[in-house]
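Enquirer: Here's a sequence, model it:
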Amino acid sequence: MAWNPSPEVAIARDVAKKLDDAKAVVVIYITKDGSKCGSISYGKDKETCEAAKHWSRKLHDVAMDEIVKRRNRGEEEL
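Expert: Below is the predicted model:
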């Protein structure tokens, strides 16, 4: 698998190492001010990387849907 130098992927890769060398990691995050919601994925090999990317996108979509619903109801996001 090609090395991804992205700082975001480095975060997920570091989490994988800390989790007993996890095969894949997906991180969903919301910035402190709530201005950005994002996702990061890491997979140990090409196959798990693709699967992690797939789930990262799906989970990000779920998180964004919830944020929009809460905003529309005037609720605090998290």
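
Enquirer: Can you pull out the low-pLDDT segments for the chain?
Expert: Applying pLDDT under 70 to the chain flags the ranges 1-2, 77-78.

Enquirer: Show me the strands in it, by range?
Expert: 24-30, 37-43 (DSSP state E).

Enquirer: elements contacting the last one?
Expert: Strand 37-43 sits against helix 7-18, strand 24-30, helix 46-73, with contacts defined as 3 or more CB pairs under 8 Å, 6 or more residues apart in numbering; DSSP states H and E. To be clear about C-beta, it is placed using only N, CA and C from the backbone, and glycine gets the same treatment.

Enquirer: That one: how far from the chain's middle?
Expert: 3 Å (CA atoms, centre = their mean, to the nearest Å).

Enquirer: cool, the first one as well?
Expert: A distance of 3 Å separates the C-alpha centroid of strand 24-30 from that of its chain, computed with CA atoms, centre = their mean.

Enquirer: that older thread, and the helices and strands packed on strand 37-43: which comes nearest Gly38?
Expert: When the helices and strands packed on strand 37-43 are compared by CB to CB, strand 24-30 sits nearest Gly38, at 5.6 Å.

Enquirer: report the angle between the axes of that closest one and helix 46-73?
Expert: Calculated by axes from the mean of the first three to the mean of the last three CA atoms, to 10 degrees, strand 24-30 forms an angle of 20 degrees with helix 46-73.

Enquirer: Contacts made by strand 24-30 with the rest, please.
Expert: Residues outside strand 24-30 that contact it (CB atoms under 8 Å, 6 or more residues apart in numbering): 11-13, 15-16, 19, 36-44, 48-49, 51-52, 55-56, 59-60, 63, 67, 77-78.
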